[in-house]
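In: the sequence and its predicted three-dimensional model are supplied below.
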Amino acid sequence: MKNDEVKQARTITRRETFQRGLTLSAGLALGAGIRPTAAQSTPVVTPVAATDFARPQALIDAPTLMTLEGDPARTMLALMPADEFAAGHIAGSVQVDWPAMEITDTSDASVAHWREAMTRLLTGLGASTVRAVVSCDGGSLFATRPWWVLHYLGHTTVHVLNGGLPAWRAAGGEAETGAVATPTASPTATPIANPLAPATLRPEALAPLDEIRTNLDDPNVVLVDARTPEEYAEGHIPGAVNVNYPRNAQPDPPRFWRPQDELRAIYAEVGVTPDKRVIPYCTTGVRSSVTFFSLHLIGYDNVGLYTGSWAEWSSHPDLPITTGNAP
């Protein structure tokens, strides 16, 4: 790779690459028949039964969620920008967006600080160890990001709404509009994870930069780049295979998760098998949280999200990068 190409690959900002990646993914989605907005007409799409997955408890379908509507022992998180939330959301939801959960420095000190910040953020949104949490999105699939944060922090009852808000509407659920004030955490609420009690964490769910750097040549470790093929070709971590995150869901809205056998085939085709340590990454750990969730859903046990992702890796001029379509 030429020096000027390396410089160009390293100087694109993470927000520019994230937004460009979403645009490219949307273009691919349109080519595959995906309609990106709930306002457009949608075909009838049937979700795979959650029981058909290795870890069915990670998903919840809209009809089941409707039976829990108004349950005081449930917290509903809506992963979407404020304007999208105001345009429509499930009643009782609280809004949060991915930048609030971003971390692009995975040094030990930075992760410890971020972990404390996430505990304060999510407890403030109403999450606690005594409440089930449901994470929903507007069709982006990014409800997996708060799901992953809660999973990492040790929460045991957290679900992703299969198909997001479009599935809720398709099942006859109503959406309310307008902004909703963020609730104040109860002073008696049990924190979702005490940052001073690391035994409650799932540390293996987060892969830091040092783990990537020291295992680049390990055949038992496989990196999965969840960005678009175009982003991947412009620069990726050496050895990483490319599985663009939209492939995890069915192409037509509501975007339900693909069946387990299809997901396993997609990943096995590029050497991502359950016997390996699997490390997904993207630009800032949002799109790759979809990958992490899918692998968890189908029974992979040794998966760690490189949440620092390309934003962190490409900021280190001493680290190698590869261009082109091959790992």
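Out: Sure thing, it's come through.
In: now stretch 249-269: how far from the chain's centre is it?
Out: Relative to its chain's centre, stretch 249-269 lies at 15 Å (CA atoms, centre = their mean, to the nearest Å).
In: what residues of that stretch count as buried?
Out: 249-260, 263-264, 266-267 (16 or more other CB atoms under 10 Å). Yep, even glycine has a C-beta here, placed from its N, CA and C like the rest.
In: closest one to Ala112 out of these, please.
Out: Distance to Ala112 across those (CB to CB) is lowest for Tyr267, with 31.5 Å.
In: so the closest one sits in a helix?
Out: Yes: secondary structure of Tyr267 (DSSP: H, G, I helix; E, B strand; the rest coil): part of a helix.
In: quick one on the thing from earlier: mind checking which of the buried residues of stretch 249-269 are in helices?
Out: 260, 263-264, 266-267 (DSSP state H).
In: mind putting the residues you listed into a markdown table with pLDDT?
Out: A markdown table is the format used below for these (pLDDT from 0 to 100):
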| residue | pLDDT |
| --- | --- |
| Gln260 | 97 |
| Leu263 | 98 |
| Arg264 | 98 |
| Ile266 | 98 |
| Tyr267 | 99 |
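In: can I get these in CSV including distance to Phe53?
Out: Below are these laid out as CSV (distance: CB to CB, whole Å):
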residue, distance to Phe53
Gln260, 5
Leu263, 9
Arg264, 11
Ile266, 14
Tyr267, 14
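In: wait, what's in contact with the residue nearest the centre of the chain?
Out: What sits nearest the mean C-alpha location of the chain, by CA atoms, centre = their mean, is Ser289, with 2.6 Å. Neighbouring residues of Ser289 by CB atoms under 8 Å, 6 or more residues apart in numbering: 142, 144-145, 147-148, 280, 305.
In: using CSV, lay out these together with neighbour count, pLDDT and secondary structure.
Out: Listed next are the contacts of Ser289 as CSV, based on neighbours: other CB atoms under 10 Å; pLDDT from 0 to 100; DSSP: H, G, I helix; E, B strand; the rest coil:
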residue, neighbour count, pLDDT, secondary structure
Phe142, 23, 98, coil
Thr144, 29, 98, helix
Arg145, 31, 98, helix
Trp147, 26, 97, helix
Trp148, 28, 98, helix
Pro280, 31, 99, strand
Leu305, 28, 99, strand
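In: ok, those residues vs Pro47, which is closest?
Out: Using CB to CB, Thr144 comes nearest to Pro47 of those, at 15.9 Å.
In: how about the strands in the stretch 51-200 of the chain?
Out: Taking DSSP state E, counting those that start in this stretch, the strands of the stretch 51-200 of the chain run over residues 59-60, 74-79, 89-90, 93-96, 132-137, 158-161, 175-176.
In: which elements pack onto the fourth one?
Out: With contacts defined as 3 or more CB pairs under 8 Å, 6 or more residues apart in numbering; DSSP states H and E, the secondary structure elements packing on strand 93-96 are strand 74-79, helix 82-87.
In: okay, those, which one's buried deepest?
Out: strand 74-79 (a mean of 24; mean count of other CB atoms under 10 Å).
In: strand partners of that strand, parallel vs antiparallel please.
Out: strand 93-96 (parallel), strand 132-137 (parallel) (DSSP bridges).
In: for Phe292, which non-adjacent residue is spatially closest?
Out: Leu305 (4.7 Å; CB to CB, 6 or more residues apart in numbering).
In: roughly how far apart are the one you found and Gly178?
Out: Using CB to CB, to the nearest Å, one gets 33 Å for the distance from Leu305 to Gly178.
In: Ala86 and Thr177 touch, don't they?
Out: Yes: the criterion here is CB atoms under 8 Å, and Ala86 meets it with Thr177 at 6.3 Å.
In: quick check: closest non-adjacent residue to Glu176.
Out: Excluding the flanking residues, the one nearest Glu176 by CB to CB, 6+ apart is Ala91, at 4.8 Å.
In: contact partners for the one you found?
Out: 69, 174-176.
In: low pLDDT regions in this protein?
Out: Where the chain drops to pLDDT under 70, the residues are 1-46, 48-50, 180-199.
In: would you map out the domains in it?
Out: The chain breaks down by automatic domain parsing into domains covering 3-33+207-313, 50-201.
In: before we move on, back to that, nearest to Asp217 among the contacts of Ser289?
Out: Asp217 lies nearest to Pro280 out of the contacts of Ser289, by CB to CB, at 19.0 Å.
In: out of the domains of the chain, which is closest to Pro320?
Out: Comparing the domains of the chain under CB to CB, the one sitting nearest is domain 3-33+207-313, at 5.3 Å.
In: and for Val221, the neighbour number?
Out: By the measure other CB atoms under 10 Å, the count of residues near Val221 is 19.
In: do you know how far it is from Asp137?
Out: For Val221, the distance to Asp137 (CB to CB) stands at 30 Å.
In: okay, the strands of the stretch 51-200 of the chain in JSON lines with distance to Ala117 next?
Out: Shown next, in JSON lines, are those (distance: least, CB to CB, whole Å):
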{"stretch": "strand 59-60", "distance to Ala117": "27"}
{"stretch": "strand 74-79", "distance to Ala117": "16"}
{"stretch": "strand 89-90", "distance to Ala117": "24"}
{"stretch": "strand 93-96", "distance to Ala117": "13"}
{"stretch": "strand 132-137", "distance to Ala117": "18"}
{"stretch": "strand 158-161", "distance to Ala117": "18"}
{"stretch": "strand 175-176", "distance to Ala117": "29"}
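In: fine, thanks again, bye for now.
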